[in-house]
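[1] no sequence on hand, only this structure:
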């Protein structure tokens with residue numbers, strides 16, 4: 001599926017960006033990319049410090065979730081974080097997150 005997505009121009013892997021902006025991501029060299037979606041695969045590590053500028057954490061330090069969606073920003077989904085932090089849970093959660101993101105973007109879900 002990944003090869004098909006890359007070949008079809010749907011998926012483009014880019015080097016690590018330096019910051020998330022209101023409209024996408026940016027690099028220190030001046031390169032900017034507008035993005036509707038950022039897919040960040042961390043390998044099931046709870047490595048979310050890079051999201052600090054989004055102010056997702058609650059006063060106690062945790063990130064409150066509604067399924068895979070963060071409560072503080074409906075655009076941010078953490079698949080494999082919290083309740084979905086298992087391979088089985090992440091598979092289900094991934095499908096649910098895709099449906100939710102597609103709905104948020106006003107697009108029909110893509111068939112598997």
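    Yep, that arrived. As the structure is a computational prediction, the values presented were derived from the model and not from experiment.
[2] how's this protein carved up into domains?
    Under the assignment the TED database, the domains of the chain span 1-34, 49-107.
[3] how about the helices in the chain?
    2-7, 87-104 (DSSP state H).
[4] highest average neighbour count across those?
    helix 87-104 (a mean of 15; mean count of other CB atoms under 10 Å). C-beta here means a position set from N, CA and C on the backbone, and glycine is covered the same way.
[5] list the buried residues of the longest strand seen in the chain.
    Secondary structure of the chain per DSSP state E: the longest strand is strand 73-77. By 16 or more other CB atoms under 10 Å, the buried positions in strand 73-77 come out as 76, 77.
[6] sheet partners, orientation included, of that strand?
    strand 69-70 (antiparallel) (DSSP bridges).
[7] quick one: the residue nearest to residue 74 when sequence neighbours are not counted from residue 12, how far?
    With CB to CB, 6 or more residues apart in numbering as the criterion, residue 74 has its nearest non-adjacent residue at 6.5 Å, and that residue is residue 104. For residue 104, the distance to residue 12 (CB to CB, to the nearest Å) stands at 21 Å.
[8] I appreciate the help and will end here.
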